[in-house]
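>>> fold the following and give me the result.
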Amino acid sequence: MANHPDKFYPLEFDRERNEPFLRLPAPHSNIIITPPRVADEDISAIVTILNDVQVTKWLQGPPYPYKPEHARDWLQRNETLCREIIQSIEVAEPNAFIDGCPVRILREIKEDGQEIYLGDCGIDGWGFEDIGNLGEKRRLMEENDGRKAGDAEKEWTIGGNVKA
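So this is what the prediction gives:
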């Protein structure tokens, strides 16, 4: 990854962590969006957020109560997906469409440099959560997932969770 940090523009590149990130503009430049990291402090933060009724009442997918193993599984899956997107960026031609976003985790950078997990803001292929028929939902998801990046018919969703 470190061989091609300029391929990630407009994302910045953290050479120490060997990952791209997006910094929000001032006055919120202490907030960054990174790839997922499977770390105990992130797992704990996710469990806290997703067990808060003020958050869960707005979500459709996560189980309740949300357990550490749910957070670990979710982080591992999304860490893998983001890593695959990062790898595709590294080998892509300039201005190529990429099949997803390599960053999704909101973090606050404290004055001492510590990064605090704030939440998730993912851009993903639409999961057709509004479709009740599981067979139809699966068919639509497979059809949508089969569409290539840049296909005008591909459906996307932006969603996530944040600290209350």
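
>>> tell me where this structure has helices.
Using DSSP state H, the helices of the chain run over residues 40-50, 53-56, 68-91, 134-145.

>>> between those, which one is closest to Phe128.
The closest of these to Phe128 is helix 134-145. By C-beta to C-beta, the value is 4.7 Å. The way it works is simple: take the backbone N, C-alpha and C, and place the C-beta from them, glycine included.

>>> quick one: low-confidence residue ranges for the protein.
1-5, 161-164 (pLDDT under 70).

>>> which residue lies nearest the spatial centre of it?
In the chain, the residue lying closest to the centroid (C-alpha atoms, centre = their mean) is Arg104, at 3.0 Å.

>>> wouldn't that one be in contact with Arg77 here?
No: applying C-beta atoms under 8 Å, one finds Arg104 not in contact with Arg77, separated by 11.8 Å.

>>> report the contact partners of the residue nearest to the centre of the chain.
Neighbour list for Arg104: Ile33, Pro35, Pro36, Asn78, Cys82, Asp120, Cys121, Gly122, Ile123, Gly160 [criterion: C-beta atoms under 8 Å, 6 or more residues apart in numbering].

>>> which single one of those is nearest to Asp14?
Closest to Asp14, out of all of the contacts of Arg104 and judged by C-beta to C-beta, is Pro35, at 10.0 Å.

>>> measure the closest residue to the closest one other than its chain neighbours to Ile123 for me?
Ranked by C-beta to C-beta, 6 or more residues apart in numbering and with sequence neighbours excluded, the top spatial neighbour of Pro35 is Cys82, at 4.0 Å. The gap separating Cys82 from Ile123 is 11 Å, by C-beta to C-beta, to the nearest Å.

>>> neighbour count winner among the two?
The neighbour count for Cys82 versus Ile123, taken as other C-beta atoms under 10 Å, is higher for Cys82 (23 against 14).

>>> pretty sure the more buried one is touching Pro36, no?
Yes: contact criterion C-beta under 8 Å: Cys82 and Pro36 qualify, at 5.9 Å.
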